[in-house]
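S.K.: Return a 3D structure for these sequence lines:
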Amino acid sequence: MSTLEVRATSVAGPRGREIARLARWFHNLHLPDGTQTAPDHALGDFPAVKWRQVAPHVPERLEGWSALDVGCDAGCDAGFDSFELARRGERVTAMDIDPHYLAQARWAAGELGLEGRIELRQQSVYDPASPADRYDLVLFLGVLYHLRHPLLALDVLREVTRRQLVLQTLTMPGEEAVEPAPSIGLFEREPMQRPGWPRMAFIERALEDDPTDWWAPDHACVEAMLRAAGFRILERPGHEIYVCARSKASRRLRPRCMSPSCARSLRSPERR
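M.R.: Residues are numbered from 1 along each chain as shown. The predicted structure is shown next:
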């Protein structure tokens, strides 16, 4: 359990008992009667504070758009982002590998009157998509650094993204970025030590007592990974947030498909 998750609240009555039953809460949801699921969150009114940065860069009305909220252990916690998309007028597919968070989202969708607009799937980002699984908008918020294979995840999401990807991830400090040379020599590796070269720190044990945190890329690395997966960055609406579109081609070859057995083998070690 992460130290940022809230175990329970002091809300009385049946709703309070349900909130306590479904704890731990990482998302502070505002229910119609004013009840909040995690009002004492260490990050404040989270993730509303992050959503306010993302919201202006998502169409106000999503009629005709298909949307995917990729949770995969973090981003879909309790379904906050999915609910915000559903309120904009379109059916949303929300996926997560953790049944606990899916149960929170299922309960909260009923409380908010949005259950008919959200399809919840227990599914990994690595799972192969059918030809019909293509989405105009993909939210990938708070997930990348939880994955053992982050670049592969971006490769898969490029295949299912029609128009726009919104990425948010934990990063290392530093905003400097350089355009790498087309190639570096085997015995001339000094450029990789210079400021602005893409770097990603490996988290061997845990971050905030959360053993599912694996990586902390810097800004240059996030940009480089997005380019390598076949995305171009349109805007940066806030710290650690990237609004992207598909580019015509990635910088290197990407896997075109993945067998179900391969997806299962990648999914199984995500948790330590």
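
S.K.: Quick check: chain neighbours aside, which residue is closest to Val54?
M.R.: Leaving aside its sequence neighbours, Val54 sits nearest to Val166 (C-beta to C-beta, 6 or more residues apart in numbering; 5.8 Å). (Each C-beta comes from the backbone N, C-alpha and C, glycine too.)

S.K.: in stretch 87-103, what's buried?
M.R.: Arg88, Glu90, Val92, Thr93, Ala94, Met95, Asp96, Ile97, Asp98, Tyr101, Leu102 (16 or more other C-beta atoms under 10 Å).

S.K.: Just put these in CSV and tack on secondary structure and pLDDT.
M.R.: Below are these laid out as CSV (DSSP: H, G, I helix; E, B strand; the rest coil; pLDDT from 0 to 100):
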residue, secondary structure, pLDDT
Arg88, coil, 90
Glu90, coil, 77
Val92, strand, 92
Thr93, strand, 93
Ala94, strand, 93
Met95, strand, 92
Asp96, strand, 91
Ile97, coil, 89
Asp98, coil, 88
Tyr101, helix, 88
Leu102, helix, 91
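
S.K.: so where's the chain uncertain?
M.R.: For the chain, the stretches flagged by pLDDT under 70 are 1-13, 72-78, 128-131, 249-269, 271-272.

S.K.: just the helices in it please.
M.R.: 13-22, 48-54, 80-86, 99-112, 150-160, 219-229, 260-267 (DSSP state H).

S.K.: Comparing these, which comes out most buried?
M.R.: Sort the helices of the chain by mean neighbour count, taking mean count of other C-beta atoms under 10 Å, and helix 80-86 sits at the top with a mean of 25.
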